[in-house]
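>>> just to be clear, the model below is a prediction. Sequence and coordinates:
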Amino acid sequence: MIESHAATPEIHGHPALQHHFENMEQQREAGTLGMWIFLVTEIMFFGGMFLAYTLYRNLFPAGFVLASNHLDITLGAVNTGVLILSSFTMAMAVYFTQTGKLRPQVWCLVLTLILGLTFLGIKAVEYHEKYTDRLIPGRIIPGAHFGPDPHAFHLQAGAPELAQIEMFYWIYFAMTGMHALHMVIGAGLLTYLIIFSLKRRFDPEYHSPVEVIGLYWHFVDIVWIFLFPLLYLLGRHLGGH
Amino acid sequence: MKPIESFELPSPSKVNYLNAVYGLKSWLLTKDHKRIALLYLGSITFFFFIGGIYALMIRLELLTPSGDFLESTTYNKVFTQHGIIMIFFFLIPSIPATLGNFLIPMMIGAKDLAFPRINLLSWYVYLAGGIITIYALLAGGVDTGWTFYTPFSTTFSNSYVVATGLGIFINGFSSILTGLNFIVTIHTMRAPGMTWFRMPLFCWSHYATSLIMILGTPVIAITVLLLAFERVSGVGIFNPKLGGDPVLFQHMFWFYSHPAVYIMVLPGMGVISELIANFSRKNIFGYSFVAFSSIAIAVFGFLVWGHHMFVTPQSVYAGMIFSFLSFAVAIPSAIKVFNWTATLYKSSISYDTPMLYALGFIGLFTIGGMTGLFLASLATDVHLSDTYFVVAHFHYIMVGGALMAYLGGLHYWWPKMTGRMYPEGWGRFGALVVFVGFNLTFLPQFIAGYIGMPRRYHAYPPEFQVYNVLSTAGASILGFGMLIPAVYFVWSMRYGKHAEANPWHLPGLEWRTQSPPPTENFEQTPIVTWDAYEFAPPEETEVVGKFHGEVERAS
């Protein structure tokens, strides 16, 4: 009843095949499915914050509009473009790996990394603006408590909307901060891909690391595609400035 | 077709996963799912004993109506820590990370889980979470209840909330990694011929458990993270002082923590399906119903969290829907209980230790489930909320259900895991002591709770004392009952009778390799041509042997 499961030696022979898989096909399938499931957990993780956002946007519409209009829409829009472009270069990197074109593959990965770092740089500029406007909520940064100039929001000192604005900025920093953390991890993973691509580890038969990290990269982009309209755009027409 | 006779058991070999390599390093850096299962077994047993000591302290305090053994603040910490340790560090990893880890690849005929390194990582993550939590307990403990309700946990509690929260946050990732590994393994690593509907039900229930792990655990992770931030930095979505909503915390907390109950009990149900079918030597009644009821529990389990919040400002209409859905989730659980019972009908039952635990499970789980319906009803819940009735109810599920199943499964697969038999007589005696001790501990709590004894107080009116004395007496018996298997399991590892490859004479794949298995599980990848629990039909077999019901070749 128990027989040997015949495997063709040329598939078995690939140096990247791990001992517990029958062939490269099975190994690739497992890796891809694993990443998809990991991304499901990420959706649930971000979902908690999207829930908080939805709740407080409904509870505090006025404060959220004021705070949202204070965000720099130009920088946000540029960053959105940067990320979409990086998704394109990532997709091309996967394509070139699958077709075995090493040189353009490495270039696409490098380009993706540069675009990712550009996004983080622009994000840092935005964060710094918020820091100088004293918009970092609570006591997250010691010595720089939340205390913006109320007139910047056309409010009197002590207006109740200020607490709502603080709530907006807490959700803003939690969501974009968590997103940025994922970008940093993504940049690390891209560096790994570049190094191993230069060592010629990947070929048309073994490209799942590029594919799987590509999936992750696209996911992080998609999160931003949701964050940008929710945080920057919604209620823009109500602000009047 | 009688598969039991139709294959040759592998010739006994001296080399197995336990003695293939030696040394501490070979264990700490192992990628073998069987060794990782044993690492988990050791660490969860350690946490179980810590949690058990807290349980003992609770029962000692409640022996008398006055708070004479523990101060109220100490008592708050003791029941909190009992809950946190038992839930996050024992029950949630218990069956999946030990039995599941060990058996899922063997049951589907794979060499290992899909991601062996991630499997090892999950154990280290678990350990890191555990060490941080232990640090929090030693540094001064935490007194919020395992539920961490805000604003007490964010603003008022003067204990180690952040450190404990961090421990739970980190520990959550071990659960996610295990769930991810199981799902991918079951999808991609099944041996040729091992179709979905030939898988043992243990695998189905672990698949459902893994779904909850990957969908629920990230939510508790972000919730605890936001809670810790809120406590440290004075910002917050949960703090009413800052415009936040404490009920939002409860929603987010229970969105994970109710399904987490199914993380604890679903693997147990998988074990029970194995035990009932195999020890009554009969194909399980309604295989696909039992399989799909696991999935149904996982799905419905996500839609009932609001029944923990009937006494909050949650809308009455939401409450009605949550109440209805909570009744609905009882249906797949009932399907399982009825199918197990139907399997027993006219079968050849052998009352070995694992089967005793399984039969105990059916009774206790039924009581736990039925009393859950009292709590799922809006009106009765207002009366019973925060009383000992709730405590008794969930202990019937978690201890009477999950722990019984864990012990039953551990006995059943012990010969496979260690290559040694446990002493059967002591095993049955221990199962009986545990059953009696358990019921004496928790049955009186139903009554005490129903007549109004609140939970989470260290002192109580003297009218309730009789129930508490009974309960404490029962807890002593239960504690003693737990020590019996602990002692003979350790004993058997050295002195137990050597186990054959298939000591129970069963058709499952895990029994078709030597005990203990070789590192690669099977000498050759098996090709599966039989269904799970495919015993020969009764007219073709002759049952011999007083307890084991060994199947003889009939024709």
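It's in.

>>> alpha carbons only for contacts and neighbour counts from here, please
Will do.

>>> ok, which stretches of the stretch 151-300 of chain B are helices?
Per DSSP state H, counting those that start in this stretch, the stretch 151-300 of chain B carries helices over the ranges B:161-188, B:201-233, B:246-279, B:287-301.

>>> so for the first one, what gets flagged as buried?
Spelled out, it's helix B:161-188. B:161-186, B:188 (16 or more other Cα atoms under 10 Å in any protein chain shown).

>>> so for that helix, mean pLDDT?
What helix B:161-188 shows for mean pLDDT is 96.

>>> show me the helices in chain A, by range?
A:9-12, A:24-59, A:61-69, A:73-98, A:102-132, A:161-198, A:208-228 (DSSP state H).

>>> quick revisit: nearest to residue B:132, out of the helices of the stretch 151-300 of chain B?
If you check each of the helices of the stretch 151-300 of chain B against residue B:132 by Cα to Cα, helix B:161-188 wins as the nearest, at 5.1 Å.

>>> quick one, that closest one and helix A:24-59 angle?
Relative orientation of helix B:161-188 versus helix A:24-59 (axes from the mean of the first three to the mean of the last three Cα atoms, to 10 degrees): 140 degrees.

>>> now for helix B:161-188, which elements pack on it?
helix A:24-59, helix B:101-107, helix B:116-139, helix B:201-233 (3 or more Cα pairs under 8 Å, 6 or more residues apart in numbering or on different chains; DSSP states H and E).

>>> any idea how far that helix is from the middle of the chain?
The chain centroid and the centroid of helix B:161-188 are separated by 15 Å under Cα atoms, centre = their mean, to the nearest Å.

>>> output the below-cut-off pLDDT ranges for the chain.
Answering for chain A, as no chain was given. Applying pLDDT under 70 to chain A flags the ranges A:1-12, A:239-241.

>>> the chain in question should be chain B.
Short version for chain B, where the test is pLDDT under 70: B:1-13, B:536-555.

>>> spell out which residues of it are next to chain A.
B:6-8, B:110-112, B:114, B:176, B:180-181, B:184-185, B:188-189, B:214-219, B:221-223, B:232-237, B:242-243, B:248, B:252, B:524-528 (Cα under 8 Å from any Cα of the partner chain).

>>> rewinding a little: so which of the helices and strands packed on helix B:161-188 is the most surrounded?
Among those, helix B:101-107 has the highest mean neighbour count (mean count of other Cα atoms under 10 Å in any protein chain shown), at a mean of 26.

>>> can you give me the strands in chain B?
B:543-544, B:550-551 (DSSP state E).

>>> sorry, back to before: got the helices of the stretch 151-300 of chain B as JSON lines, with distance to residue B:57 columns?
Formatted as JSON lines, the helices of the stretch 151-300 of chain B follow (distance: least, Cα to Cα, whole Å):
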{"stretch": "helix B:161-188", "distance to residue B:57": "20"}
{"stretch": "helix B:201-233", "distance to residue B:57": "27"}
{"stretch": "helix B:246-279", "distance to residue B:57": "24"}
{"stretch": "helix B:287-301", "distance to residue B:57": "32"}
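
>>> count of neighbours near residue A:134?
15 (other Cα atoms under 10 Å in any protein chain shown).

>>> now it, nearest residue through space, not along the chain?
residue A:148 (5.0 Å; Cα to Cα, 6 or more residues apart in numbering or on different chains).

>>> so what's the one you found up against?
The neighbourhood of residue A:148, defined by Cα atoms under 8 Å, 6 or more residues apart in numbering or on different chains, consists of A:133-135.

>>> can you redo the residues you listed as JSON lines with distance to residue A:116?
Supplementary listing: the contacts of residue A:148 in JSON lines, determined by distance: Cα to Cα, whole Å:
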{"residue": "A:133", "distance to residue A:116": "26"}
{"residue": "A:134", "distance to residue A:116": "27"}
{"residue": "A:135", "distance to residue A:116": "25"}
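
>>> which of these lies closest to residue B:407?
residue A:135 (55.0 Å).

>>> for whichever residue of the stretch 351-500 of chain B sits closest to chain A, give its distance to residue B:419.
When you check the stretch 351-500 of chain B against chain A by Cα to the nearest Cα, the closest residue turns out to be residue B:500, at 18.6 Å. The gap separating residue B:500 from residue B:419 is 8 Å, by Cα to Cα, to the nearest Å.

>>> and for the two, which residues touch both?
Common neighbours of residue B:500 and residue B:419 (Cα under 8 Å, 6+ apart) are residue B:515.

>>> among these two, which residue is more densely surrounded?
Legend: neighbour count by other Cα under 10 Å for residue B:500 and residue B:419, higher for residue B:419 (23 against 20).

>>> now the phi/psi pair for the more buried one, please.
Here is the backbone geometry of residue B:419 (degrees, to the nearest 10): phi 80, psi 10.

>>> what residues are up against it?
B:498-500, B:515-516.

>>> what's the answer for residue A:36, then?
With contact taken as Cα under 8 Å, 6+ apart, residue A:36 is in contact with residue A:215.

>>> which parts of chain A sit against chain B?
Residues of chain A lying near chain B (Cα under 8 Å from any Cα): A:1-5, A:20-21, A:26, A:29-30, A:33-34, A:37-38, A:40-42, A:44-49, A:52, A:137-140, A:163-164, A:167, A:170.
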